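In: what shape does this take:
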Amino acid sequence: MTKIGVIAVVAATVGISGPVSTQSLEETLVRAYEGNPTLKSERARLRATDERVPQALSNWRPTISVSGSYGWERNDATTTGPQAKEADITEPLSGSLTIRQNLYRGGRTSAATKEAENNVKAVRSRVSVVEQLVLLSATTAYADVVRDQAVLELNNNNERVLRRQLEATRDRFRVGEVTRTDVSLAESRLSRAQADRIAAEGSLTGSRASYENVVGVVPGTLKLAKPLSDLPKTLAEAVELAKKNNFTVRQTRFIERAAENNVQEVAGELLPTFSLNGSLSTTEEAVNRKSDSQTVTVTAQVSMPLYSSGSVASRVREAKQVVSQRRDEFSQAVRDATEAASSAWQALETARAQIQAFSAAVKAAEIALEGVREEANVGSRTVLDVLDAEQELLDARVGLVRALRDELVATYRLRQAVGELTAQKLGLPVVIYNVETNYRRVRNKWWGLGIDKE
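Out: Below is the predicted model of the structure:
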């Protein structure tokens, strides 16, 4: 049976079709991409991290400060006689403008800027990691709802069939065609079907709750979705793509580079610093202006640390150990990506094989059930034989529904492992979040308190 034929059989069995469906998988992914709070919070984290770059660049820029003072002073005369003077009152007024410009900070500014840029790139990769997780979670939730809707409908149908079967068995018992044992078997199977239906209802409720959590809306009637087709052709290709493009691998690589930059930044504290300082100060007496003065000062300052109690050296060693840690984390991320690609590939192969097997099982079980019922009508088959045949068909159909769900999810898992489960790669009809927009806005910004919230 072809894939299209399998989907058609399941859709007919479940009782859903395209025209009555209200939500497609694409619509679900669009909602998740645009409104998932976890993804939006990661974008806010990225915008906050963008600010580290202008913070690092600020050490190239001057610092300017202004200060002023105003006072009141009364000096009472103590001399007596004809030469005595009245109290002397003054109001001193002063102001100053100071400018400081760093010329060299031991390479710390350049290192800090590179570190900030690598941290931004790492968080960008993290945003893509979370984006993929959200889209995969939305796909999984969607597929789970479709699966559980189908399983519930299959169990409802089975319960209705078994109820009719029980009624027919009781009628035959009353006329002596079957025994009390046959009636008990039919009752037992009906009770089991009711228990299975209750379990299916619980599973569907849980899947719908998961869907609402990820997507933000209660799922309506969902239609069967086709698995992705643009996938790696071989396992080896999938593994190589994962090693190269997996976003967690990229994230850990940038984190490692940022750690290397931090070593340079800390080591720069052992090097000399050069700065240029300028000041303009003025003082005057506000009442009688007897003493006014103005001073302009320009100085070049050099500072060379000789010994810092071993603190800086210790921090350099610490930073180097962090580099080793980040390097090992990168190596582990490559291994994890390889495992993820291999696991997704195997899950896809397994699901496809199960679809073929369950498709054949459904077809065979349908033929077998029809034959058993005809044979039971002429007395060559028992009630138990009919019940077993009906259970075989139900199990095959449920297995097929679950295998179809597993195939769909496995294709998305594989795309996630190779770094291609993004809104842009999937071609979703959304405005793609541009990670460069806020970065370009704030990188060379010298002042301003306003922010972008989206």
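
In: please report how far A403 lies from N157.
Out: Taken as C-beta to C-beta, to the nearest Å, the spacing of A403 relative to N157 amounts to 19 Å. Glycine gets a C-beta too; all of them are placed from N, C-alpha and C.

In: in terms of neighbours, single out the busier of these two.
Out: Legend: neighbour count by other C-beta atoms under 10 Å for A403 and N157, higher for A403 (23 against 17).

In: helix, strand or coil: sort out the nearest residue to that one once chain neighbours are set aside for me.
Out: Residue nearest to A403 in three dimensions, not counting chain neighbours: Q354, with 3.9 Å by C-beta to C-beta, 6 or more residues apart in numbering. Three-state secondary structure (criterion: DSSP: H, G, I helix; E, B strand; the rest coil) places Q354 in helix.

In: which residues does Q354 contact?
Out: With contacts defined as C-beta atoms under 8 Å, 6 or more residues apart in numbering, Q354 is in contact with 399, 403, 406.

In: got CSV for those, with secondary structure and pLDDT too?
Out: As requested, the contacts of Q354 are arranged in CSV below (DSSP: H, G, I helix; E, B strand; the rest coil; pLDDT from 0 to 100):
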residue, secondary structure, pLDDT
G399, helix, 95
A403, helix, 96
D406, helix, 95
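
In: ok, back up a step: so how far is Q264 from the residue nearest to A403?
Out: Taking C-beta to C-beta as the criterion, Q354 is separated from Q264 by 54 Å.

In: about what we covered before: and the contacts of Q354, which is closest to L235?
Out: L235 has its nearest neighbour among those in D406, at 17.7 Å by C-beta to C-beta.

In: grab the nearest non-local neighbour of that closest one.
Out: A351 is the one closest to D406 (C-beta to C-beta, 6+ apart), at 4.0 Å.

In: separation between that neighbour and Q55?
Out: Distance, A351 to Q55, by C-beta to C-beta: 49 Å.

In: more crowded one of these two?
Out: Ranked by neighbour count (other C-beta under 10 Å), A351 and Q55 place A351 first, with 20 against 13.

In: quickly find the element holding the more buried one.
Out: Here A351 sits within helix 311-377, counting by DSSP states H and E.

In: same thing with R440?
Out: Counting by DSSP H and E, the element that carries R440 is helix 435-442.

In: report the mean confidence score over that helix.
Out: Averaged over helix 435-442, pLDDT sits at 91.

In: begin at 736 from now on, thanks
Out: Yep, numbering from 736; the last one is helix 1170-1177 now.

In: just give me the neighbour total for V1144.
Out: Neighbours of V1144 under the rule other C-beta under 10 Å: 22.

In: next, it: secondary structure please.
Out: Using three-state DSSP, the secondary structure recorded for V1144 is helix.

In: which pLDDT value goes with it?
Out: pLDDT, the model's per-residue confidence, is 96 for V1144.

In: could you check the distance from the closest residue to V1107 other than its chain neighbours over to W795?
Out: Across the structure, with C-beta to C-beta, 6+ apart as the measure, the residue nearest V1107 apart from its sequence neighbours is A1124 (4.3 Å). Between A1124 and W795 the distance is 81 Å, computed by C-beta to C-beta.

In: between those two, which one's more packed in?
Out: In this view A1124 and W795 are compared by other C-beta under 10 Å, and A1124 has more residues nearby, 22 against 13.

In: give me the secondary structure label for the more buried one.
Out: Applying three-state DSSP to A1124 yields a three-state assignment of helix.

In: same check, this time on V918
Out: Assigned with three-state DSSP, V918 falls in the helix class.

In: what residues are up against it?
Out: Contact analysis of V918 by C-beta under 8 Å, 6+ apart lists 901, 904-905, 908.

In: buried subset of those?
Out: 901, 904, 908 (16 or more other C-beta atoms under 10 Å).

In: which one of those is nearest to V1118?
Out: Closest to V1118 out of the buried ones among the contacts of V918 is T904 (5.6 Å), distances taken as C-beta to C-beta.

In: show me the contacts for that closest one.
Out: Residues near T904 by C-beta under 8 Å, 6+ apart: 913, 917-918, 921, 1118.

In: most widely separated two among those residues?
Out: Looking at those by C-beta to C-beta, the two members farthest from one another are V913 and A921, with 9.1 Å of separation.

In: mutual contacts of those two, please.
Out: Shared contacts of V913 and A921, defined by C-beta under 8 Å, 6+ apart, are found at 904, 1118.
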